[in-house]
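Colleague: Build me a model from this:
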Amino acid sequence: MSDAYAHPEVLVDTEWVNAHLKDPKVRVAEVDYDPAANYELGHVPGSVLFDWRKDINDPIRRDLLGREALTSLFRHAGIDDGTTVVLYGDFNNWFAAFAFWTFKYYGVKDLRLMNGGRKKWIAEDRPLTKELPSHPASTFTAGAPDEKLRAYLDDVRRELPHVKDGKLKLVDVRGPKEFTGEITAPPEYPNEHAQRGGHIPGAVNIPWAQAVNDDGTFKGRRDLDSLYGGKGVTAAAPVITYCRIGERSSHTWFVLKYLLGYPDVRNYDGSWTEWGNQIRSPIEKP
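Modeller: Numbers count the residues shown, from 1 in each chain. Sure, this is the predicted structure:
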């Protein structure tokens, strides 16, 4: 089997980004959970900031940003239908992958991830700036949501019997202690708990971090095939990924859909903060 990814065009390396810093057809965007600890201290020259909390989520409801909000965000960043958008960020691209999934949900065509994210760019001592970019406004308009990419609470509840009989694979990408219920929040966010610990019945635990190398880049195709195939997660059955709030599961969604080419992968962004707090939702513990 070839070690080439199914869709290699969606990944660019740091050298490619460095060579396209002044390309008017390319817009680099940093997506951070905490911009004050990252983007504001120095970012890829010319890159715009997409604040995960403020820009990618609805300000009132627990939901993604709306279609009109995405239209406004992209217009302000000078992104149009002909722009190649390169996303990168902190936590090995957790939130950049969440933005990638969100933007695909709204039909954005030319999206890439910078392999290795902010971590690799800094490790290679590439240029950083605190200067805030300004780009001419565009006329971009976001498309209608593609619900084939997203799973909701009712979808997961309805399809639990198919998890049991193997016709659907449910992948919990959290750490092992979250999966077993030993802890109810990851070490990075110790105060953001669910009411109950455990996992959705029938889910298989494949932590998101097993898909990346030490430098934050994605592992090769053969290693990824072995990782997921070894747990029975293959292209033969539809897959739903979930974590705590949907960002780590977006990372795994990206791996399965674009690097391995699985045809039917959905991200359940409600994830454990919804399922673990929902009255009468069944859970499993060892």
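
Colleague: is it true that Gly202 touches His162?
Modeller: No. With contacts counted by C-beta atoms under 8 Å, Gly202 stays clear of His162, the gap being 9.0 Å. C-beta here means a position set from N, CA and C on the backbone, and glycine is covered the same way.

Colleague: those helices in the stretch 101-250 of the chain, which residues are they?
Modeller: Ranges of helices within the stretch 101-250 of the chain are 117-123, 153-164, 176-180, 221-229, 247-254, based on DSSP state H, counting those that start in this stretch.

Colleague: who wins for proximity to Pro8 among the ones you listed?
Modeller: Each of those has some distance to Pro8 by C-beta to C-beta; the shortest is helix 221-229, at 9.4 Å.

Colleague: Tell me what angle that closest one forms with helix 247-254.
Modeller: Using axes from the mean of the first three to the mean of the last three C-alpha atoms, to 10 degrees, the inter-axis angle of helix 221-229 relative to helix 247-254 is 120 degrees.

Colleague: could I get the helices of the stretch 101-250 of the chain as CSV with distance to Leu111?
Modeller: Output for the helices of the stretch 101-250 of the chain, formatted as CSV (distance: least, C-beta to C-beta, whole Å):
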stretch, distance to Leu111
helix 117-123, 15
helix 153-164, 24
helix 176-180, 29
helix 221-229, 20
helix 247-254, 10
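
Colleague: so Val28 bridges to which residues?
Modeller: Val86 (DSSP bridges).

Colleague: Please give me every residue in contact with it.
Modeller: Going by C-beta atoms under 8 Å, 6 or more residues apart in numbering, Val28 touches 17, 20-21, 44, 46-48, 86, 88, 114.

Colleague: Where does the prediction get shaky in the stretch 1-150 of the chain?
Modeller: By pLDDT under 70, the low-scoring segments of the stretch 1-150 of the chain are 1.

Colleague: Could you report the separation of the closest residue to Ala77 other than its chain neighbours from Phe103?
Modeller: Leaving aside its chain neighbours, Ala77 sits nearest to Val48 (4.6 Å; criterion: C-beta to C-beta, 6 or more residues apart in numbering). As judged by C-beta to C-beta, to the nearest Å, Val48 and Phe103 stand 13 Å apart.

Colleague: The nearest residue to Asp81 once chain neighbours are set aside: how many residues sit nearby?
Modeller: Distances taken as C-beta to C-beta, 6+ apart place Phe140 nearest to Asp81, at 6.6 Å, with adjacent residues excluded. Other residues lying near Phe140 total 20 when counted by other C-beta atoms under 10 Å.

Colleague: Tell me how far Phe140 lies from Gly220.
Modeller: The separation that Phe140 has from Gly220, given C-beta to C-beta, amounts to 35 Å.

Colleague: go on, Asp81?
Modeller: 32 Å.

Colleague: and if you look at Ala209?
Modeller: For Ala209, the distance to Gly220 - C-beta to C-beta - is 16 Å.

Colleague: Lys104 touches Leu111, doesn't it?
Modeller: Yes. Taking contacts as C-beta under 8 Å, Lys104 lies within contact range of Leu111: 6.5 Å.

Colleague: what's Pro186 sitting at in phi/psi?
Modeller: For Pro186, the backbone dihedrals (degrees, to the nearest 10) come out as phi -70, psi 160.

Colleague: Let me see the confidence value for it.
Modeller: At Pro186, the pLDDT value in this model is 77.

Colleague: That one against Val173, yeah?
Modeller: No. The criterion here is C-beta under 8 Å, and Pro186 misses it with Val173 at 10.9 Å.

Colleague: Looking at those two, which has the bigger crowd around it?
Modeller: Val173 (28 against 15).

Colleague: Now do the same contact list for the more buried one.
Modeller: So Val173 contacts 205-208, 241-243, 248-249, 251-252 (C-beta under 8 Å, 6+ apart).
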